[in-house]
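>>> I'll drop the sequence and a predicted model, then ask my questions.
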Amino acid sequence: TAKGRTATRFAFLSTLLSGAIIIFVIYWVMKKTVLARLASISESIDEVIEKQDFSVRTSVCGSDELGRLGDNLNNMLKHVGRIEEALQASEEEYRGIFEAMTDGLRIGTMDGQVVKINQAFAQMHGYSPEELAALSPKHWIDSESHNIFEQFIETIKAGKAFKCEGRDIRKDGSVFDVEVHGVPWNYQGKLHTLTIVRDITERKQLYETLDRKQKNIEAIFDAAPLGMMLVDDQGFIKRVNDVLAKLVHRNFSEIINRQPGEGLACIHASDQADGCGNGPSCSKCPIRNIFEGVLSSWQANRGIEIQAALLIDGKEVNPWLEISAEPAYIDGSRHVVLAIQDITKRKHTEQALREAMAQARMANTAKSQFLATMSHEIRTPMNAIIGFTNLLTESELTDEHKEYLNHIADSGQNLLRLIDDILDLSKIEAKKVEVKITECSLGQLLNSVESLMMPKAKIEGLDFKIIEESGLPAQIRTDVIRVRQCLINLVGNAIKFTR
């Protein structure tokens, strides 16, 4: 009926309204308890993304699902914040190391463009970092090194490291030598090149100076008139010059990298079963003892004369050698430089001189013996002449004859003195001469010289007379024999050279 249908509509409307009210209530509750908290979490995430601030925290918390979601978000942000702080610290450390390096550092793209450089790189090239960033690498790389730069890029692209030497150009146009190390480098998620550049101009100049010095030393070594040999601290010959090779009749390949006995043809080298330096004869080897002594003491040893025993062309030869050894550091290792001179001829000459001197001494001894014998033989008849002259002066003679006899007696006495002088000569040569100081009459000494030398002066057609100055002492203390010898020699030379 109509009344029944009206009641049904009312019941439906009442039910619909009640459902709507219930839905509204449920929505309102959900908005207050869920959606608002979700919105808060979303706002916190947006703030972190926008500000890159990981210290932001959401206020949503609790024991329900949304509360646990908020707690997890806050913990995650806390953890990410710590990671970010560590990354920033690492970035600061990396930047500090990058700038503190004394070598030039450059990070570049794979086509060579500058991304980042340190201050050392900029100063090395005379530019500011901003100026270099705007330049192509070929602007500061010398044209002769451009091909090396191309090889550098290709090697890095292949994922390999690269090392080379080249030349760069400063802003002022000056060129300098560089050593370059390059490696592939992941920078900001992309492949780049990391290049380390070192200025090696001074090092190359030093090497060139050392090379010149080394060549000069080698030239001196090779041009030395003596045999030269370089031995390392293990006893191996590392270098010899041509003079030494000729001395032992060997070529360089037979000497270099061998022990001294083997290289220098020691006669005992082939006798050692364990090689040169290990046999019983080696402990007595003078050359080995010399260089080992210099190595142990690190003191030079010069002018050592030895007689070697060498096996040359199948025959034993025994040359005399003079050896000087000097310690030296070469390429950081201990060595000994030996100068070896063949003094065989000098030794033979010295021996010949010794033999000649011995023969001369023997001849001189024979001469002295002959003079002594002849002096005694002459003295005997001369004493007889003087004796008979003294007897004649006691007979009746004219004054003129007595004067002649006195001259004969004086001359005889002078001849005896000459004989004594001859004996003195033998004593002088034997280094046995003695000086006897006695008192004597100066007048008698001069008269004896005058009477002896006057006949010789007459024969030369000269007048000779000793005139005594006034004021001379009558007696003097001297060695009469020596003074008479000197006066007779002086007067004799005067007579001889007077015209």
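Everything's here; your move. Numbers count the residues shown, from 1 in each chain.
>>> name the residues that touch the strand ranked longest in the chain?
Longest strand of the chain, by residue count under DSSP state E: strand 175-187. The contact list for strand 175-187, computed with Cβ atoms under 8 Å, 6 or more residues apart in numbering, reads 107, 115-116, 142, 148, 152, 155-156, 159-170, 191-201, 204. Backbone N, C-alpha and C define where each C-beta goes, glycine included.
>>> got the CA positions of that strand in CSV?
Output of strand 175-187 as CSV, limited to C-alpha atoms (Å, rounded to 0.1, in the frame of the first residue of the first chain):
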residue,chain,number,x,y,z
VAL,A,175,110.6,25.3,-21.9
PHE,A,176,111.2,22.8,-19.1
ASP,A,177,111.6,19.0,-18.8
VAL,A,178,108.8,17.1,-17.1
GLU,A,179,108.2,13.5,-15.9
VAL,A,180,104.5,12.5,-16.4
HIS,A,181,102.5,9.7,-14.7
GLY,A,182,98.9,9.2,-15.7
VAL,A,183,96.2,6.7,-14.6
PRO,A,184,92.5,6.3,-15.3
TRP,A,185,90.5,8.0,-12.6
ASN,A,186,86.8,7.8,-11.6
TYR,A,187,85.8,11.3,-10.8
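>>> and the next helix or strand past it?
strand 190-199 (DSSP states H and E).
>>> same for whichever helix or strand comes after that next one, what does it pack against?
As assigned by DSSP H and E, the chain's next helix or strand after strand 190-199 is helix 201-223. With contacts taken as 3 or more Cβ pairs under 8 Å, 6 or more residues apart in numbering; DSSP states H and E, helix 201-223 sits against strand 175-187, strand 227-232.
>>> just checking, next helix/strand downstream of the shortest one?
Toward the C-terminus, strand 227-232 is succeeded by strand 237-240 as the next helix or strand (DSSP H and E).
>>> flag every buried residue along that following strand.
237, 239-240 (16 or more other Cβ atoms under 10 Å).
>>> on that earlier part again, just the helices and strands packed on helix 201-223: most buried one?
strand 227-232 (a mean of 22; mean count of other Cβ atoms under 10 Å).
>>> follow-up on the earlier one: redo the helices and strands packed on helix 201-223 as CSV? Include mean pLDDT and distance to Met101.
Listed next are those as CSV, based on pLDDT from 0 to 100; distance: least, Cβ to Cβ, whole Å:
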stretch, mean pLDDT, distance to Met101
strand 175-187, 89, 12
strand 227-232, 90, 39
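>>> wait, is Asn257 part of a helix?
No: according to DSSP: H, G, I helix; E, B strand; the rest coil, Asn257 belongs to no helix; its state is coil.
>>> apart from its chain neighbours, what residue comes closest to it?
Distances taken as Cβ to Cβ, 6 or more residues apart in numbering place Phe236 nearest to Asn257, at 5.6 Å, with adjacent residues excluded.
>>> you'd agree that neighbour is up against Ile255?
No: using Cβ atoms under 8 Å, Phe236 is not in contact with Ile255; the gap is 10.4 Å.
>>> so those two - more neighbours on which side?
Ile255 (20 against 16; other Cβ atoms under 10 Å).
>>> settle this for me: that one is touching Gly263, isn't it.
Yes: contact criterion Cβ under 8 Å: Ile255 and Gly263 qualify, at 4.0 Å.
>>> next up, the contacts around Thr201.
Neighbouring residues of Thr201 by Cβ under 8 Å, 6+ apart: 176-177.
>>> which stretches of the stretch 51-200 of the chain have low pLDDT?
Along the stretch 51-200 of the chain, the parts satisfying pLDDT under 70 run over 51-52, 54, 56, 59-71, 73-74, 77, 81, 83-98, 100.
>>> ranges for the strands of it?
Under the criterion DSSP state E, counting those that start in this stretch, the stretch 51-200 of the chain contains strands at 104-108, 114-117, 162-169, 175-187, 190-199.
>>> which parts of the last one are buried?
Within strand 190-199, the residues that qualify as buried by neighbour count (16+ other Cβ under 10 Å) are 192-199.
>>> how close does the nearest residue to Ala122 once chain neighbours are set aside get to Ile107?
Once flanking residues are discounted, Ala122 sits nearest to Pro129: 4.8 Å by Cβ to Cβ, 6+ apart. Computed as Cβ to Cβ, to the nearest Å, the Pro129 to Ile107 distance reads 12 Å.
>>> of those two, which one has the most company?
More crowded of Pro129 and Ile107, by other Cβ under 10 Å: Ile107, with 17 against 14.
>>> any idea what that one is bridged to?
Here Ile107 sits in beta bridges with Lys116, Leu194, as judged by DSSP bridges.
>>> how about the contacts made by it?
By Cβ under 8 Å, 6+ apart, the residues touching Ile107 are 114-117, 185, 187, 192-195.
>>> in CSV: the residues you listed, plus distance to Leu418.
Shown next, in CSV, are the contacts of Ile107 (distance: Cβ to Cβ, whole Å):
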residue, distance to Leu418
Val114, 113
Val115, 116
Lys116, 114
Ile117, 109
Trp185, 113
Tyr187, 117
His192, 116
Thr193, 111
Leu194, 110
Thr195, 106
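>>> so which of the residues you listed is the closest to Asn75?
Here the nearest of these to Asn75, counting by Cβ to Cβ, is Tyr187; it sits at 31.9 Å.
>>> now do the shared contacts for Pro129 and Ile107.
Residues touching both Pro129 and Ile107 (Cβ under 8 Å, 6+ apart): Ile117.
>>> and the average pLDDT for the longest helix anywhere in the chain is what?
For the chain, the helix that runs over the most residues, judged by DSSP state H, is helix 344-393. Throughout helix 344-393, pLDDT has a mean value of 78.
>>> and it, what does it pack against?
Of the remaining helices and strands, those touching helix 344-393 by 3+ Cβ pairs under 8 Å, 6+ apart are strand 320-330, helix 399-429.
>>> least confident of the ones you listed, on average?
helix 399-429 (a mean of 71).
>>> how far off centre is it?
Counting by Cα atoms, centre = their mean, to the nearest Å, helix 399-429 is centred 75 Å from the centre of its parent chain.
>>> what of stretch 361-370?
For stretch 361-370, the distance from its own C-alpha centre to the chain's C-alpha centre is 57 Å (Cα atoms, centre = their mean).
>>> flag every buried residue along that stretch.
For stretch 361-370, using 16+ other Cβ under 10 Å, the buried residues are Ser368.
>>> repeat for stretch 122-132
Buried positions in stretch 122-132, judged by neighbour count with 16+ other Cβ under 10 Å: 122, 124-125, 127, 132.
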